[in-house]
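Peer 1: no letters, just coordinates:
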């Protein structure tokens, strides 16, 4: 057992499997008491079971750590509040919140239903807010705390068939940047992780969908180089554990991509090129200048294709 997080109390949502499980185990190994939250449902959010969370709790206790299970849904404010309450009732305090919980309902936009849109936004974006909001009240009062949320390259860059997921994940990056500015003055930090790891969610994407994306030339951009990098979900945990420690007290408002042995600091949105003039641009002026200035070297991620015969 390490002591990087000795006497700290952490909540980890979506901790029954995959990336969340790896984080919960490592935080416990470093001395934190952990609330292992997991609804125990399927990849698309259906069903519920206490088994995944209970199994992780048993793993932690078998190694000499301390943990409790929680099966509330992050998709409601009541659920988020109950998760935070579990930490306070069980351990008397809270220092760390790591929001990992997520589902997939992949569909091309023209086939996506309102329910598929709402479900993904509810678990990812609202599900991050639902636990961070009640925790923020406590963190502000105690003038300390660590937030980690999970973004994705599907949000930072975009990915075919994931408009709902990408919108939620880019929204989380924006949420974290806002929280960092809201709470930094109180000694609270907020950062996001964009993971490159195999999980139930990535494995649930049908090969047919992967083939269509590749054949269409609209495969998502990658934050990593074409190296053969490991995609073990547990490889994400060390960066999370460091970010929630006192060693990272001045790291605030950033997004990091983690995959295998690679960690990347992702740039915040910034002005790449700017043209200015006195007064309003006319349509003719924009048309005349765009390709040689703002549009120079601009790439269409999904160029138009001839219809199949």
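Peer 2: All right, it came through fine. Just so it is clear, the structure is predicted and the values come from calculations on it, not from any experiment.

Peer 1: switch to C-alpha atoms for all contacts and neighbour counts from now on
Peer 2: Noted.

Peer 1: what average pLDDT does the longest strand along the chain get?
Peer 2: With secondary structure taken from DSSP state E, the chain has its longest strand at strand 188-195. In this model, strand 188-195 has a mean pLDDT of 97.

Peer 1: what about the nearest residue to residue 108 once chain neighbours are set aside, how many residues nearby?
Peer 2: Closest residue to residue 108 apart from its sequence neighbours, by Cα to Cα, 6 or more residues apart in numbering: residue 161 at 4.2 Å. Applying other Cα atoms under 10 Å, we find 19 other residues in the vicinity of residue 161.

Peer 1: can you check residue 49 too?
Peer 2: 13.

Peer 1: next one: residue 185
Peer 2: When neighbours are counted by other Cα under 10 Å, residue 185 registers 12.

Peer 1: do the same with residue 178
Peer 2: So residue 178, with other Cα under 10 Å, has 14 neighbours.

Peer 1: give me the element it is part of.
Peer 2: Here residue 178, judged by DSSP states H and E, is contained in helix 163-183.

Peer 1: packing partners of that helix?
Peer 2: In terms of contacts (3 or more Cα pairs under 8 Å, 6 or more residues apart in numbering; DSSP states H and E), helix 163-183 is packed against helix 114-121, helix 127-142, strand 145-150, helix 153-156, strand 188-195.

Peer 1: out of these, which gets the lowest mean score?
Peer 2: For the helices and strands packed on helix 163-183, mean pLDDT drops lowest on helix 153-156, to a mean of 89.

Peer 1: list the contacts for the residue nearest to residue 108?
Peer 2: Contact analysis of residue 161 by Cα atoms under 8 Å, 6 or more residues apart in numbering lists 106, 107, 108, 109.

Peer 1: now do the spatially closest residue to the second one that is not a sequence neighbour, the pLDDT please.
Peer 2: Read that as residue 107. Leaving aside its chain neighbours, residue 107 sits nearest to residue 161 (4.7 Å; criterion: Cα to Cα, 6+ apart). Residue 161 is assigned 92 on the pLDDT scale.

Peer 1: separation between residue 161 and residue 276?
Peer 2: In this structure, residue 161 lies at 36 Å from residue 276, with Cα to Cα, to the nearest Å as the measure.

Peer 1: do residue 169 as well
Peer 2: Applying Cα to Cα, the value for residue 169 to residue 276 is 32 Å.

Peer 1: which of these two has more residues huddled nearby?
Peer 2: A direct count of neighbours by other Cα under 10 Å for residue 169 and residue 276 places residue 169 higher, at 27 against 7.

Peer 1: count of residues packed around the nearest residue to residue 259 once chain neighbours are set aside?
Peer 2: Once flanking residues are discounted, residue 259 sits nearest to residue 196: 4.5 Å by Cα to Cα, 6+ apart. Residue 196 has 25 neighbouring residues, counting by other Cα under 10 Å.

Peer 1: which residues in the stretch 1-150 of the chain form strands?
Peer 2: Secondary structure of the stretch 1-150 of the chain by DSSP state E, counting those that start in this stretch: the strands cover 9-13, 33-37, 67-70, 96-99, 145-150.

Peer 1: can I get those in CSV with distance to residue 272 and mean neighbour count?
Peer 2: Below are those laid out as CSV (distance: least, Cα to Cα, whole Å; neighbours: other Cα atoms under 10 Å):
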stretch, distance to residue 272, mean neighbour count
strand 9-13, 36, 29
strand 33-37, 41, 30
strand 67-70, 45, 25
strand 96-99, 31, 27
strand 145-150, 26, 27
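
Peer 1: thinking again about what came up before, now, of the contacts of residue 161, which are buried?
Peer 2: Among the contacts of residue 161, those buried by neighbour count (16 or more other Cα atoms under 10 Å) are 106, 107.

Peer 1: how about the contacts of residue 161 in JSON lines, adding distance to residue 118 and pLDDT?
Peer 2: Listed next are the contacts of residue 161 as JSON lines, based on distance: Cα to Cα, whole Å; pLDDT from 0 to 100:
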{"residue": "106", "distance to residue 118": "12", "pLDDT": "91"}
{"residue": "107", "distance to residue 118": "13", "pLDDT": "93"}
{"residue": "108", "distance to residue 118": "15", "pLDDT": "93"}
{"residue": "109", "distance to residue 118": "13", "pLDDT": "93"}
